[in-house]
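> Whatever this is, show me its structure:
(chains A, B, C, D, E and F, ligands or ions: 12)
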There are 6 protein chains.
Amino acid sequence: GMEQFYPDVSEPVMLSGVAVGLAWTPVGGDILFIESTVMKGTGRLILTGQLGDVMKESAQAALSYLKSCADYFKIPDEAFRYWDVHVHVPQGAIPKDGPSAGVTILTSLASIYTQRKVKPCIAMTGEITLRGRILPVGGIKEKVLAAKRAGITEILLPEKNEKDVKEALETNGGAFSDVSFKYFHEMDDLIDYVLEPAENGAPQFKVEDKDHTPETTGNESE
Amino acid sequence: GMEQFYPDVSEPVMLSGVAVGLAWTPVGGDILFIESTVMKGTGRLILTGQLGDVMKESAQAALSYLKSCADYFKIPDEAFRYWDVHVHVPQGAIPKDGPSAGVTILTSLASIYTQRKVKPCIAMTGEITLRGRILPVGGIKEKVLAAKRAGITEILLPEKNEKDVKEALETNGGAFSDVSFKYFHEMDDLIDYVLEPAENGAPQFKVEDKDHTPETTGNESE
Amino acid sequence: GMEQFYPDVSEPVMLSGVAVGLAWTPVGGDILFIESTVMKGTGRLILTGQLGDVMKESAQAALSYLKSCADYFKIPDEAFRYWDVHVHVPQGAIPKDGPSAGVTILTSLASIYTQRKVKPCIAMTGEITLRGRILPVGGIKEKVLAAKRAGITEILLPEKNEKDVKEALETNGGAFSDVSFKYFHEMDDLIDYVLEPAENGAPQFKVEDKDHTPETTGNESE
Amino acid sequence: GMEQFYPDVSEPVMLSGVAVGLAWTPVGGDILFIESTVMKGTGRLILTGQLGDVMKESAQAALSYLKSCADYFKIPDEAFRYWDVHVHVPQGAIPKDGPSAGVTILTSLASIYTQRKVKPCIAMTGEITLRGRILPVGGIKEKVLAAKRAGITEILLPEKNEKDVKEALETNGGAFSDVSFKYFHEMDDLIDYVLEPAENGAPQFKVEDKDHTPETTGNESE
Amino acid sequence: GMEQFYPDVSEPVMLSGVAVGLAWTPVGGDILFIESTVMKGTGRLILTGQLGDVMKESAQAALSYLKSCADYFKIPDEAFRYWDVHVHVPQGAIPKDGPSAGVTILTSLASIYTQRKVKPCIAMTGEITLRGRILPVGGIKEKVLAAKRAGITEILLPEKNEKDVKEALETNGGAFSDVSFKYFHEMDDLIDYVLEPAENGAPQFKVEDKDHTPETTGNESE
Amino acid sequence: GMEQFYPDVSEPVMLSGVAVGLAWTPVGGDILFIESTVMKGTGRLILTGQLGDVMKESAQAALSYLKSCADYFKIPDEAFRYWDVHVHVPQGAIPKDGPSAGVTILTSLASIYTQRKVKPCIAMTGEITLRGRILPVGGIKEKVLAAKRAGITEILLPEKNEKDVKEALETNGGAFSDVSFKYFHEMDDLIDYVLEPAENGAPQFKVEDKDHTPETTGNESE
Ligand SMILES: [Ca+2]
Ligand SMILES: [Ca+2]
Ligand SMILES: [Ca+2]
Ligand SMILES: [Ca+2]
Ligand SMILES: [Ca+2]
Ligand SMILES: [Ca+2]
Ligand SMILES: [Ca+2]
Ligand SMILES: [Ca+2]
Ligand SMILES: [Ca+2]
Ligand SMILES: [Ca+2]
Ligand SMILES: [Ca+2]
Ligand SMILES: [Ca+2]
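Numbers count the residues shown, from 1 in each chain, chains lettered A, B, ... in the order given. Ligands and ions are numbered 1, 2, ... in the order given. Modelled structure (predicted):
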């Protein structure tokens, strides 16, 4: 399982660009870290982690959504034009596919482009559309159990999956006592909720001057 | 089915670039949302949603038709040269193919490039040619039933399919009482009919200055 | 069959860039519309309609022939450098292949680049070479029957196929009473014959200023 | 067979860029026309005619040889940089492969780039290396018979194949009475022999000003 | 085995850009040299040595990590933009795959871009993530035995693999008497540890002026 | 076999860019000519001769090695940036693969880029690494016999293969009486040994002015 990846699920919050998703596998649910980083370049999207075609298309849709709503998220055009973005899903040898990581990929991308960190101990699942709608996904019960097992305390889900959670709660109610659920139909609302506020007064991504060295920006809480 | 996608088929009208198509599947008809969005770029056409080769070629033909008739539709050259366009067909994990979404893809593209919304509660089907002719398609009866089931009140069809609708009406007449039908042989007529008028006095797509943030343009009727 | 495509075979003449070919299929002959359109771009050749490798190579050879003889056909260099050309063969879901559409593709391209329409009610068949020679093809009898069925009144053929037509006339003479035949060995002669004269005094393709809107150029005879 | 291609094997001499090769097929020898043409572009090499990988590599090697010896053949650098070259081998539906067309491809390319025509009624065969050496090939007897059948009066062969011709002459001597043979070890010697002298006093390829219209340059002997 | 590659495992230290990894194969552990070199170019990443998809993605992630942390490692932007980098894993005929070479690839890249050599007689293993975390890998016992056999005196491992080493020591304790182990969770710490200090006072990579000739820079200790 | 390629193995020395390698095949050893040529271009590496993936990677590594050591070999940057290089291995129809031609490919490339010819009657074998180390290869006995048969008088081998030669000499000593052996561990030493001195006082590759016409440079000893 992925629990061995970071010491605990609150570690990702030390870096912007990392989000925690929930995956369904033939042997149950699992948590899934999604990492994004930017570097000077020509606007390429690099995808690694043995992602299948559907998951790659999710990432493309997520990036297009961010680009077409760049003003709303206060991302300057230069961020897309003069920088490459790389999305990686550890663990590199395990094939991954399916549309349900769409919400997590978009959150990871929004985090790196806005330089706002994802709130700690939150996991999410859901398919996205190109216009930012959130579509329901399967395997809710298994995903919720995996989240709980990994120390997640809040789960973000598509509105249309609310009934699946309720169904799971009826059966396994006690097991979910420490986990709260929140439902979204549009990605802009989810992103506004899950990202920490921008750290400075003017939370803009200063692309030209941005210092990306993790050690020296004070962004890390080691 | 796709009915779970948007709360109802009138929601797409809140955004330009979204059109509702009718698909035939081995288990009956279904409605199909097609989303287009534009973003600053270099004129690329991005296609996602597990589209097959025939459907990808439909999208290419639709875009070429729009480009070659750009003046007629009042789309400035810059829209194609300095912007990328992305066409996505949810749901991302379901393979889709065939030429009958051509009319819907072209409507979606015409909507995003003219910034005129598609009228609500309308669905459509039909193959297009590169010069904008509309060719007849199959599965008419199943498609009409799916449209009716989803709350569609008007269906746009190829002229050559009029006989298929009449045949279906003879058999299932009562079931279609609240649905009206309209037939087209050329895409320019269909586009002129199905898109809302441009919102401002001068309905031009101001590419350079256009603010694409859905939340702040007042284009959404939430 | 393709007869359902346009209302009748004289409709293509309303637009430059459309030519009618004759195809051989396992179930007999058929007519085949080939559409070309140009749009501002970077000189790309786009091919759609589920074309096989041989047919794609035919289109490449046709375009190279036109380019290398651009002066003869009065096509300015800018037409190839600053414009993309798209060749589409409806119907999009039916795979097509073989070299015998070469003559029709080249006629369609010559029509769009010279902005001279193809004469009405003419169909054609034949392989082309890179230097504009016309090679004989098979299935002549089936193709002629299909042309006749579709209302074609004149058929253009490779010189080397004259004997095949004569053979067919001996057997089915009466059936071909209203169809005339014309034979060509070089494409420049065929193009000079089949394209209408340029409409203005100076029949040049004004690439920079050309208005491609079908509705407003007066090129359509609706 | 290819004899039906041009009315006779002396027709190619009407155009520069066309050379006649000899091919071996499972059912005997055949003649093979190779056509090259140039057009304004960016230095691309386009290959059509259902060529296999080995034959495509032959064409690449031929072009590289010409480029690296451009000064010797009096081809200006601009010819390669600002022009595309297209090599086509009719008939488009028949797959072709093997290295033995190398000599013919290189002759065709040398002809189009120097604008010197190939002498009439000559056919050739042989593999080339990147540095212009000519390697022996197989199927000599079948190729010679096919050449004779098609009206060829002179055949150019690799030096190392002289023994194969002698062997064939011993058996079929009478049949070859009207065909002469010439042997080459290096391509520069073969090209110097097989191409007509440049037509003007200064036989240079004036790339910038060259008029490529076959009808108007007076290059054709119709 | 790879021991035949360099005379001994301390030879790589003569050149920056070479690191020693540990691989697991079906027949036991082996050491694995990874070579990186830079050359003037356009920022391309070239990968050779019959690397599988997972290993290629590891290299991409390693390069993206370095790029996004370029300031921290004192690598100027020009190093990535105006230079190509080539990563090769001898022996060229043996297919290699898996994520566990990630740490070694990143060390090799960091060495060539910082022009700081890797300390001698050290080997390493571990998967990396895009943000520089180090993930545990398998085959620890076999890898450690191979390292010892090859003369390695220090092994760098992922923190999460400490328990595997302890387990191996309990069984084969005596065999490992001359090998020391060091554990890392983040790549920046590992890189800081394993690379020699920059040779000059200001250890910067002077891309524009850098003389890459191994013989003349005095970097080699022959 | 390849002996039929050039009249004799001393012919390659007439041209820079040609080197003689030794190959192992299922039916014994063979000699292998490797030809390189340069032409004005954009820095592309073209590989022909039905080379397998491993052999293509060898060529890439060889080129990268030369580029990263360009100063040492006195090759100006322009040679790589404004010129294409083509490596061809006759005979074009025979598939070739494996890493053991690495040394020969690099020698051929070094020869063409330095414009220094390879000494006559020398053959070589060995895998190269990206940093110029020479790795041992197999089939030594068969390769040596093939070299002797072809008139080679000196063979260059990897240091690690010295024992294989000694073993072969013990068995077939008499047969090798006229062949001498030389061993190398690093490519720079081998290149310095095997290439003729530069012909002029200042043996530099004058890329801009270099006349590549074989006939007129006086480089050929016909
Ligand atoms: Ca930094
Ligand atoms: Ca906006
Ligand atoms: Ca909203
Ligand atoms: Ca117009
Ligand atoms: Ca119209
Ligand atoms: Ca001309
Ligand atoms: Ca003519
Ligand atoms: Ca750190
Ligand atoms: Ca140097
Ligand atoms: Ca050395
Ligand atoms: Ca020259
Ligand atoms: Ca010569």
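> Show me the strands in chain A, by range?
Remark: strands assigned in chain A by DSSP state E are A:18-25, A:28-40, A:45-48, A:83-88, A:122-124, A:127-128, A:134-135, A:154-158, A:180-184.
> Tell me the helices and strands packed up against the last one.
Counting by 3 or more Cβ pairs under 8 Å, 6 or more residues apart in numbering or on different chains; DSSP states H and E, the packing neighbours recorded for strand A:180-184 are strand A:154-158, helix A:162-172, helix A:187-194. (C-beta placed from N, C-alpha, C; glycine too.)
> for chain A, which spans come out with low pLDDT?
Within chain A, the ranges that satisfy pLDDT under 70 run A:1-7, A:13, A:173, A:200-222.
> Tell me how many other residues surround residue A:136.
Here the count is done by other Cβ atoms under 10 Å in any protein chain shown, and residue A:136 has 20 residues near it.
> distance of the nearest residue to it once chain neighbours are set aside from residue A:133?
Closest residue to residue A:136 apart from its sequence neighbours, by Cβ to Cβ, 6 or more residues apart in numbering or on different chains: residue A:160 at 3.6 Å. From residue A:160 across to residue A:133, the span is 10 Å (Cβ to Cβ, to the nearest Å).
> Can you lay out the strands of chain A as CSV showing distance to ligand 1 and mean neighbour count?
Shown next, in CSV, are the strands of chain A (distance: least, Cβ to the ion, whole Å; neighbours: other Cβ atoms under 10 Å in any protein chain shown):
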stretch, distance to ligand 1, mean neighbour count
strand A:18-25, 17, 25
strand A:28-40, 10, 24
strand A:45-48, 19, 19
strand A:83-88, 14, 24
strand A:122-124, 27, 26
strand A:127-128, 31, 26
strand A:134-135, 34, 26
strand A:154-158, 31, 23
strand A:180-184, 34, 16
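> closest one to residue E:98 among these?
strand A:45-48 (14.0 Å; Cβ to Cβ).
> check contacts around residue A:109.
A:36, A:59, A:62-63, A:66, A:85, A:87 (Cβ atoms under 8 Å, 6 or more residues apart in numbering or on different chains).
> swap the cut-off to 10 Å and go again
Neighbouring residues of residue A:109 by Cβ atoms under 10 Å, 6 or more residues apart in numbering or on different chains: A:17, A:19, A:34, A:36, A:38, A:45, A:59, A:62-63, A:65-67, A:73, A:75, A:85, A:87, A:191.
> which of the helices and strands packed on strand A:180-184 is buried the deepest?
strand A:154-158 (a mean of 23; mean count of other Cβ atoms under 10 Å in any protein chain shown).
> Between the strands of chain A, which one is closest to ligand 10.
Relative to ligand 10, the nearest member of the strands of chain A by Cβ to the ion is strand A:28-40, separated by 34.3 Å.
> And chain B, is the closest one touching that?
No. Applying Cβ under 10 Å from any Cβ of the partner chain, one finds strand A:28-40 separated from chain B by no less than 16.1 Å.
> Please identify the pairing partners of that strand and their relative orientation?
According to DSSP bridges, strand A:28-40 forms sheet pairs with strand A:18-25 (antiparallel), strand A:83-88 (antiparallel).
> just so I know, which of the strands of chain A lies nearest residue C:106?
strand A:45-48 (39.3 Å).
> Distance from the chain centre to that closest one, please.
Computed by Cα atoms, centre = their mean, to the nearest Å, the chain-centroid distance of strand A:45-48 equals 15 Å.
> And for stretch A:168-187?
A distance of 18 Å separates the centroid of the chain from that of stretch A:168-187, by Cα atoms, centre = their mean.
> do the same with stretch A:131-149
With Cα atoms, centre = their mean, you get 12 Å for stretch A:131-149.
> Distance to residue E:177 added to the helices and strands packed on strand A:180-184, as TSV?
Listed next are those as TSV, based on distance: least, Cβ to Cβ, whole Å:
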stretch	distance to residue E:177
strand A:154-158	50
helix A:162-172	52
helix A:187-194	52
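> Any idea which of those gets closest to chain F?
helix A:187-194 (42.4 Å; Cβ to the nearest Cβ).
> Excluding its own residues, what touches the closest one? List them.
A:19, A:62, A:65-66, A:69, A:72-73, A:102-103, A:106-107, A:109-111, A:114, A:116-119, A:122, A:124, A:126, A:128-129, A:131-134, A:154, A:156-158, A:182-184, A:186, B:213-215.
> mind redoing it with 8 Å?
Applying Cβ under 8 Å, 6+ apart, the set of residues contacting helix A:187-194 is A:19, A:65, A:69, A:72-73, A:103, A:106-107, A:110, A:118-119, A:122, A:124, A:128, A:132-134, A:156, A:182, A:184, B:214-215.
> do the same with stretch A:135-148
A:1, A:22-24, A:28-31, A:99-100, A:123, A:125-129, A:155, A:157-161, A:164-165, A:167-168, A:171-172, A:175-176, A:178-179, B:4-5, B:90-91.
> Distance check, the residue nearest to residue A:136 against residue C:136.
Taken as Cβ to Cβ, the span from residue A:160 to residue C:136 is 62 Å.
> How about residue A:166?
73 Å.
> mind listing what residue A:169 touches?
residue A:176.
> Same question for residue A:159.
Applying Cβ under 8 Å, 6+ apart to residue A:159 gives the contacts A:134, A:136, A:183-185.
> With distance to residue B:199 added, can I get the residues you listed in JSON lines?
JSON lines is the format used below for the contacts of residue A:159 (distance: Cβ to Cβ, whole Å):
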{"residue": "A:134", "distance to residue B:199": "27"}
{"residue": "A:136", "distance to residue B:199": "33"}
{"residue": "A:183", "distance to residue B:199": "32"}
{"residue": "A:184", "distance to residue B:199": "28"}
{"residue": "A:185", "distance to residue B:199": "25"}
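> now, which of these sits nearest residue C:196?
Comparing these against residue C:196 with Cβ to Cβ places residue A:134 closest, at 55.5 Å.
> That closest one reaches residue A:124, doesn't it?
No. Between residue A:134 and residue A:124 there is no contact under Cβ atoms under 8 Å: 9.7 Å.
> Quick check: the gap between the residue of chain A found nearest ligand 11 and residue A:84.
Residue nearest to ligand 11 within chain A (Cβ to the ion): residue A:42, separated by 37.3 Å. As defined by Cβ to Cβ, residue A:42 lies at a distance of 7 Å from residue A:84.
> cool, and residue A:72?
For residue A:72, the distance to residue A:84 equals 23 Å [Cβ to Cβ].
> Quick one: name the residues of chain A near ligand 2.
residue A:71 (Cβ under 5 Å from the ion).
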